[in-house]
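attaching a predicted model along with its sequence, questions to come.
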Protein chains: 2
Amino acid sequence: MNKTNVAIVGLGTVGSGVAKLLLDHGDRTARHAGRTMWLKKAVVRDLNKPRDVELPDGVATDNLADVLDDPDITVVAQLIGGLEPARTIMLQLMEAGKDIVTANKALLAEHGPELFSKARELGRSIAFEAAVAGGIPIVANISQCLSANQITTLEGILNGTSNFIVSQMDRYGSAYDDVVRKAQELGYAEADPTMDVDGTDAAQKLAILAHLAFGATIHWSDIPRTGIDGLDPADLRYSSELGYRIKLVATAHQADDGLELSVAPTLVPLGTPLAEVRDAFNAIRVVGDAVGPVFYHGLGAGQMPTASAVVADLIDTAVGRTKITFQTLAYFTSDHPARTKQRDTDRLAGRYYLRLSVGNHPGALAKIADVLAQHEISISSVIQHENQPDQAGQQQTDPVPLVIMTHEAGEGAARRATEQIEGLSIVQGPVVRLRVKA
Amino acid sequence: MNKTNVAIVGLGTVGSGVAKLLLDHGDRTARHAGRTMWLKKAVVRDLNKPRDVELPDGVATDNLADVLDDPDITVVAQLIGGLEPARTIMLQLMEAGKDIVTANKALLAEHGPELFSKARELGRSIAFEAAVAGGIPIVANISQCLSANQITTLEGILNGTSNFIVSQMDRYGSAYDDVVRKAQELGYAEADPTMDVDGTDAAQKLAILAHLAFGATIHWSDIPRTGIDGLDPADLRYSSELGYRIKLVATAHQADDGLELSVAPTLVPLGTPLAEVRDAFNAIRVVGDAVGPVFYHGLGAGQMPTASAVVADLIDTAVGRTKITFQTLAYFTSDHPARTKQRDTDRLAGRYYLRLSVGNHPGALAKIADVLAQHEISISSVIQHENQPDQAGQQQTDPVPLVIMTHEAGEGAARRATEQIEGLSIVQGPVVRLRVKA
Ligand SMILES: NC(=O)c1ccc[n+]([C@@H]2O[C@H](COP(=O)([O-])OP(=O)(O)OC[C@H]3O[C@@H](n4cnc5c(N)ncnc54)[C@H](OP(=O)(O)O)[C@@H]3O)[C@@H](O)[C@H]2O)c1
Ligand SMILES: NC(=O)c1ccc[n+]([C@@H]2O[C@H](COP(=O)([O-])OP(=O)(O)OC[C@H]3O[C@@H](n4cnc5c(N)ncnc54)[C@H](OP(=O)(O)O)[C@@H]3O)[C@@H](O)[C@H]2O)c1
């Protein structure tokens, strides 16, 4: 039987999972690859650090040259996170003739064009299934399985940490900070979860998917994004009263005059598949003009789901499928013009949820409705509960929350109307404005 | 740009859809294939029959030799249904050096081993994404995307016609026959829907998937199967009262001592993804030991979803990916021993729903519980509504329906207990017995 010698660089969470699959399940991998997938080297920074996997003698090394200079090693799983030294090591590996498999979305979102051009120049390939949505094989599905389609819409829950936090807030009515602490204890959130909860991670993944699905070359930082870090449990409660659940949704939609992109906490109708995505799961709904809607749901992160994607890529690369796909599809090449442009964010259309605090003034709602009307935004429903009498039976005069669901409106108009409402004297504090999925 | 000449044999529903995609979307297909996918010939039986697609001059022919004898045509979509002449034509095409793409699951379920051996012998490939679950790319997902996994469970709704019928019965409380007529009028069911509604079609698809996922070589006719053709609206009502929805579920589960396979109307808990699959949609849940659960949902049939899968396969074949997969994975080859055997059906474990008619005898439930206890089956819940007084206020003495949900029991024990219960004098008519999904 043929043998492909594989190396891993970076033996952290994902790297250890990949090593386990290669070492413990050699038979199965050989059957699915038609060849032995042999783990020859694993490059670590510190040979003495305890690892999550037991390596056979001679496999661990702290010297990258052991991989670079070994012509028998043809495929390398590059599983160091962050931008540097990951970028430099990836370039060195390709210069040394290795094909690359990676899970590093931040690196691709930042340096994709450079790395892919270099790979093409050198006749190498880069596979990156694990970089988006972990165990859900969305990269292969868009690149190959749905290749007969023009994709028109892609929307998903791409960040498991955010989804875990929102699901917990929803289920237990807990405050954001308490849930983040719990998520950290359970290992669902990093010590510094900023990139997960502020929408950066989801935007990076969306930028990659938008490139695959629409040929868009948009930097993730140009995608308008709001995280879940400011979410108030009150909004989860009102949403559920209105028949919705709040999710951090990443959307790409091809409109006639450009691509609409956004990452934002969004009210999703209860009973629809995206609303039912719980805890650390991810999900993606893709609509193609031939296939119609296809929905994928699975674990978006974690050691073994992510390793599953890396090993599938290692096999695809070893057997030669990756090279064909890489040569056929001119992903991330600067010599191909972008096929679509990002649409002006102000023109994104959608429905909105607004929550504001108003004093107990007669006519408050009329004033607010009037501002919305000036921006041609009409109201679809309103929740305003009566103030409860306090314990002494006194009618409360505190400001009451007013929740308004609008009909469809442009993002620009909605933003300007919101600013104007915030300026009204009857309105106290900022207005919460969330998108509502159709 | 390179060009791959393609032919279609059989220009019915799916064939016309494939022709539309190739003719109307040449640019897109070329971009995804890195080459022009050129429809050179379409073989029909009757040149004068009106078609659903307009072909350029010279493309239609009623002479298969125009394809067989043209060395420029390298890939053929074989889209004739049924066993013959589909089988003979497929063999002729491969002898003539063509790689095959097909949607014909009945042909593969019946003659897979012969056709795949011949393809291997001749150095040809057969791609068959469209044969299972139409627009859901489950073949590629199992064969490639999840290749790092041992799949442990696969369960799905694989027949859109059955699902449409059950969904309609559920929603409107309609009788089976009425819904079948409606489904035929809407084009969701064939004039003769037997193979769809009696579980044959789902069993054929399950046999193919069980081969891909578990290396099982099991003839579809050996899979225990019950269709939805005998379903009574009363059981849909009681199920919903109990918190379930009835679906025609195809299941393959790898137990320690063999593979459990079945196709049967099954009570699926409300709120779980399979329960929410409506109308003509299909869905498949795959559990892998590394990736965990992955869920797919999409249109399982219809012209364009199926054509989407065929064209993806045409592209994969044209670029060379299919050949690699075909050579790597020894699907349907007699020289590879089956990796797993089917488990004795009597030992399948599961919970059951039983509905029976009992006369108004005191102690009836006790007698039935006693029979179940003799077979070591315990009861988890019971529904027995009181007889309603009739219009004259007279208490009815008609037999009343009694619904019993059991705890886990073996299929053999459940069957024997059911037979014994049917023999009790207090029980009238047959007992309805349905599986309940955990
Ligand atoms: N974890 C997930 O669920 C998941 C899911 C999808 C994608 N990803 C991506 O996968 C990548 C790896 O993630 P992870 O969770 O495995 O991170 P991790 O646990 O932090 O592992 C990264 C590893 O890289 C090693 N490393 C850093 N610099 C190195 C160098 N110069 N030479 C050799 N090793 C070096 C680190 O070594 P030390 O042990 O010495 O620090 C560490 O073991 C990241 O890009 C991440 O975004 C992760
Ligand atoms: N329809 C779906 O949604 C769907 C989904 C998945 C898989 N499939 C599978 O795809 C295959 C085709 O299905 P379909 O729905 O397209 O069936 P269809 O509409 O009945 O088309 C079959 C075509 O084959 C033609 N044909 C039969 N014998 C022929 C011969 N000797 N030479 C040339 N053409 C011949 C028929 O010609 P005439 O027009 O002259 O009768 C007909 O046009 C079947 O195996 C089916 O199981 C279908």
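Received it, and whenever you're ready, just let me know what you need. Ligands and ions are numbered 1, 2, ... in the order given.

these two touch, right, A:V431 and A:Q420?
No: the pair A:V431 and A:Q420 fails to qualify as a contact (C-beta atoms under 8 Å) at a distance of 9.9 Å. For every residue, glycine as well, the C-beta is placed using N, CA and C.

A:S117: how many residues sit nearby?
With neighbours defined by other C-beta atoms under 10 Å in any protein chain shown, the count for A:S117 comes to 14.

starting at the chain centroid, how far to the one helix or strand it maps to?
Per DSSP states H and E: A:S117 is located in helix A:105-122. Centre-to-centre, helix A:105-122 and its host chain are 19 Å apart (C-alpha atoms, centre = their mean, to the nearest Å).

any part of whichever helix or strand comes after that helix near chain B?
The first helix or strand that comes after helix A:105-122 along the chain, using DSSP H and E, is strand A:126-127. No: figure legend: strand A:126-127 not in contact with chain B (C-beta under 8 Å from any C-beta of the partner chain); closest approach 11.6 Å.

is chain B contacted by whichever helix or strand comes after strand A:126-127?
For strand A:126-127, the following helix or strand on the C-terminal side (DSSP H and E) is helix A:138-140. Yes: interface with chain B: helix A:138-140 contributes A:A140 (C-beta under 8 Å from any C-beta).

give me the contact list for helix A:138-140.
Among residues not part of helix A:138-140, those counted as contacts by C-beta atoms under 8 Å, 6 or more residues apart in numbering or on different chains are A:128-129, A:131-132, A:209, A:212, A:284, A:286, A:296, A:312, A:316, B:140-141, B:144-145.

which regions of chain A lie under the pLDDT threshold?
In the predicted model of chain A, residues A:334-337, A:386-397 satisfy pLDDT under 70.

outline the domain layout of it.
A:3-134, A:138-299, A:346-436 (automatic domain parsing).

element containing A:Q184?
Using DSSP H and E, A:Q184 sits in helix A:176-185.

also A:T153?
If you go by DSSP H and E, A:T153 is part of strand A:151-157.

alongside ligand 1, which residues does the stretch 151-300 of chain A contribute?
Residues of the stretch 151-300 of chain A lying close to ligand 1 by C-beta under 6 Å from any ligand atom: none are found.

the stretch 151-300 of chain A: helices as residue ranges?
A:160-172, A:176-185, A:194-197, A:200-214, A:233-241 (DSSP state H, counting those that start in this stretch).

go through the first one and flag the buried ones.
What it means is helix A:160-172. A:G160, A:T161, A:S162, A:N163, A:F164, A:I165, A:V166, A:S167, A:Q168, A:M169, A:D170 (16 or more other C-beta atoms under 10 Å in any protein chain shown).

the third one too?
Buried residues in helix A:194-197, defined by neighbour count with 16+ other C-beta under 10 Å: A:M195, A:D196, A:V197.

and the gap between the second one and ligand 2?
When you say that, I think you mean A:D196. The gap separating A:D196 from ligand 2 is 41 Å, by C-beta to the nearest ligand atom, to the nearest Å.

same deal with the first one?
Separation of A:M195 from ligand 2 (C-beta to the nearest ligand atom): 43 Å.

contacting residues around the residue nearest to that residue when sequence neighbours are not counted?
In space, and not counting its chain neighbours, A:M195 is closest to A:D201: 4.9 Å by C-beta to C-beta, 6 or more residues apart in numbering or on different chains. A:D201 is in contact with A:K105, A:A106, A:L158, A:N159, A:T161, A:M195, counting by C-beta under 8 Å, 6+ apart.

farthest pair within those?
The largest separation in those, counting by C-beta to C-beta, is between A:A106 and A:T161 at 14.5 Å.

burial measure for A:I246, as a count.
By other C-beta under 10 Å, 25 other residues sit near A:I246.

now do A:V432
20.

can you tell me how far it sits from B:L23?
A:V432 sits 51 Å away from B:L23, going by C-beta to C-beta, to the nearest Å.

got the contact list for the residue in chain A positioned nearest to ligand 1?
Closest to ligand 1 within chain A is A:G12: 1.7 Å, counting by C-beta to the nearest ligand atom. Counting by C-beta under 8 Å, 6+ apart, A:G12 touches A:L79, A:I80, A:G81.

of all the contacts of A:D201, which comes closest to A:G187?
Ranked by distance to A:G187 (C-beta to C-beta), the contacts of A:D201 are led by A:T161 at 10.2 Å.

if I pick the closest one, what's in contact with it?
For A:T161, the contact set (C-beta under 8 Å, 6+ apart) comprises A:A183, A:Y188, A:A189, A:E190, A:P193, A:D196, A:V197, A:D201, A:A280, A:A301.

thinking A:L259 is in contact with A:A210, fair?
Yes: using C-beta under 8 Å, A:L259 makes contact with A:A210 at a distance of 6.6 Å.

tabulate the contacts of A:G12 (TSV), appending neighbour count.
Shown next, in TSV, are those (neighbours: other C-beta atoms under 10 Å in any protein chain shown):
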residue	neighbour count
A:L79	28
A:I80	23
A:G81	14
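
chain B: which of those residues is nearest?
Nearest to chain B out of these is A:L79 (C-beta to the nearest C-beta; 14.5 Å).

show the contacting residues for the closest one.
Shown in contact with A:L79 (C-beta under 8 Å, 6+ apart): A:I8, A:V9, A:G10, A:L11, A:G12, A:V14, A:G15, A:V18, A:T102, A:A103, A:N104, A:V310.

and these, which are buried?
Neighbour counting by 16+ other C-beta under 10 Å classes A:I8, A:V9, A:G10, A:L11, A:V14, A:G15, A:V18, A:T102, A:A103, A:N104, A:V310 among these as buried.

interface residues of the stretch 201-350 of chain A facing chain B?
A:271, A:273, A:276, A:288-299, A:302, A:304-305, A:307-312, A:315-316, A:319-321, A:324-325, A:327-329.

specify the local secondary structure of A:H361.
Of the three states, A:H361 takes coil under DSSP: H, G, I helix; E, B strand; the rest coil.

with adjacent residues omitted, what lies nearest to it?
Using C-beta to C-beta, 6+ apart, the closest residue to A:H361 is A:I426 (5.0 Å).

pretty sure that neighbour sits against A:L365.
No: contact criterion C-beta under 8 Å: A:I426 and A:L365 do not qualify, at 9.8 Å.

any residues in contact with both of those two?
Listed as contacting both A:I426 and A:L365 by C-beta under 8 Å, 6+ apart are A:V358.

just checking, what packs against the helix or strand harbouring A:V75?
Assigned by DSSP H and E, A:V75 falls within strand A:73-78. For strand A:73-78, the contact count by 3 or more C-beta pairs under 8 Å, 6 or more residues apart in numbering or on different chains; DSSP states H and E identifies strand A:3-9, helix A:86-95, strand A:99-102, helix A:303-319 as packing neighbours.

redo those as a markdown table? Include distance to ligand 2.
A markdown table is the format used below for those (distance: least, C-beta to the nearest ligand atom, whole Å):
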| stretch | distance to ligand 2 |
| --- | --- |
| strand A:3-9 | 36 |
| helix A:86-95 | 42 |
| strand A:99-102 | 34 |
| helix A:303-319 | 26 |
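
having no further points to raise, I will conclude here.
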